[in-house]
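Engineer: 3D, please:
(one chain, ligands or ions: 1)
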Amino acid sequence: MADATIIENATDGDIADWLAQRLGEAFAATEGPVTITVPGGSTPFPIIEQLLTRDLDWSRLVVWPGDDRIVPEDHEASNTGKLRKLFEPAGAEVVTLTIMEQVPHFDLAWLGMGADGHIASLFPNTDPKLDEPRSILRLTPDPLPPEAPFDRISLTLPSLLASDQILFVIRGSDKRTVFDQALAGKSDLPVARLLAGAKQPVTCFT
Ligand SMILES: O=C(O)[C@H](O)[C@@H](O)[C@H](O)[C@H](O)COP(=O)(O)O
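Structural biologist: Modelled structure (predicted):
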């Protein structure tokens with residue numbers, strides 16, 4: 001079971017500073033690109049807007065959506081569309097998730113979490129496995145989440161765990177309770193399964 005560093009009451013700017021620090025360290029540690037996966041939903045985008053004001057060589061960054069809704073990129077529900085609009089003008093590359101992609105090792109895996117304990121699009125009904133042989137899956141959440149009632153494509157638990165460090169940004173007391181129970185090994189929700197498999201540092205901003 002992972003132990004996590006919990007940083008409470010963080011502002012989007014605090015999280016952007018933390019991310020800039022981690023990315024700066026990753027850029028300094030290699031000549032090549034730095035590869036991260038980032039979540040969709042609503043939380044990450046204001047943080048990314050602030051992150052991109054920091055003075056880093058964004059042309060060295062490769063961004064993988066952790067998941068997406070199966071909609072065109074110009075659809076308002078598209079995570080990839082939003083990430084492209086933010087990262088590409090700064091010079092970063094945003095990968096298109098397809099089940100044919102070879103998923104790399106990530107310098108950082110950034111996740112959100114739903115109140116039902118889903119991460120990426122690994123909803124409880126999809127019964128995500130730590131020994132899943134596939135890297136990317138197409139899934140149908142059941143029930144379909146009302147805020148984004150679409151089929152999904154998602155990195156799997158092994159893909160997300162193939163990372164040097166894991167970041168969660170989880171806002172709200174309900175979600176914090178779900179996260180704490182998962183961290184304590186008191187649930188079998190997707191977030192708990194990921195935490196059970198994590199050997200790398202886990203940081204959670206609330
Ligand atoms: O495509 C998605 O919706 C996300 O990848 C999903 O896993 C998200 O991270 C959580 O649902 C939290 O979403 P909020 O940040 O909106 O709370």
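Engineer: contact residues of the chain facing the ligand?
Structural biologist: Taking C-beta under 6 Å from any ligand atom as the measure of proximity, the chain contacts the ligand at 39-43, 66-67, 79, 112-114, 118-121, 148. Yep, even glycine has a C-beta here, placed from its N, CA and C like the rest.
Engineer: hmm, try it at 8 Å
Structural biologist: When proximity is defined by C-beta under 8 Å from any ligand atom, the chain lies next to the ligand at 39-44, 65-69, 79, 111-114, 118-121, 145, 147-148, 152, 154, 169-172, 175.
Engineer: so what's the residue count around Asn9?
Structural biologist: When counting by other C-beta atoms under 10 Å, one arrives at 7 neighbours for Asn9.
Engineer: surely it and Ser173 touch.
Structural biologist: No: assessed by C-beta atoms under 8 Å, Asn9 is found out of contact with Ser173, at 11.8 Å.
Engineer: for the helix ranked longest in the chain, packing partners?
Structural biologist: Across the chain, the longest stretch assigned as helix under DSSP state H is helix 12-28. When contacts are defined as 3 or more C-beta pairs under 8 Å, 6 or more residues apart in numbering; DSSP states H and E, helix 12-28 packs onto strand 34-38, helix 44-51, strand 108-111, strand 166-169, strand 202-205.
Engineer: gap between that helix and the chain center?
Structural biologist: Distance of helix 12-28 from the chain centroid (C-alpha atoms, centre = their mean, to the nearest Å) equals 15 Å.
Engineer: one more: stretch 64-74?
Structural biologist: With C-alpha atoms, centre = their mean, you get 13 Å for stretch 64-74.
Engineer: okay, how far is it across that stretch, tip to tip?
Structural biologist: 17 Å (C-alpha to C-alpha, to the nearest Å).
Engineer: give me the buried positions along that stretch.
Structural biologist: For stretch 64-74, the buried set under the neighbour-count rule, 16 or more other C-beta atoms under 10 Å, comprises Trp64, Pro65, Gly66, Asp67, Asp68, Arg69, Ile70, Val71.
Engineer: next up, phi/psi of the second one, please.
Structural biologist: According to degrees, to the nearest 10, the main-chain angles of Pro65 amount to phi -60, psi 130.
Engineer: all helices of this protein, in order?
Structural biologist: So, for the chain - with DSSP H - the helices run 12-28, 44-51, 79-87, 157-161, 173-183, 190-197.
Engineer: low pLDDT regions in the chain?
Structural biologist: 1 (pLDDT under 70).
Engineer: relative to its centre, which residue of it is most distant?
Structural biologist: Glu31 (24.2 Å; C-alpha atoms, centre = their mean).
Engineer: against Gly24, how distant is that one?
Structural biologist: 15 Å (C-beta to C-beta, to the nearest Å).
Engineer: and the helices of the chain as CSV, adding distance to Leu97 and mean neighbour count?
Structural biologist: Shown next, in CSV, are the helices of the chain (distance: least, C-beta to C-beta, whole Å; neighbours: other C-beta atoms under 10 Å):
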stretch, distance to Leu97, mean neighbour count
helix 12-28, 21, 17
helix 44-51, 16, 19
helix 79-87, 7, 21
helix 157-161, 10, 22
helix 173-183, 24, 17
helix 190-197, 18, 22
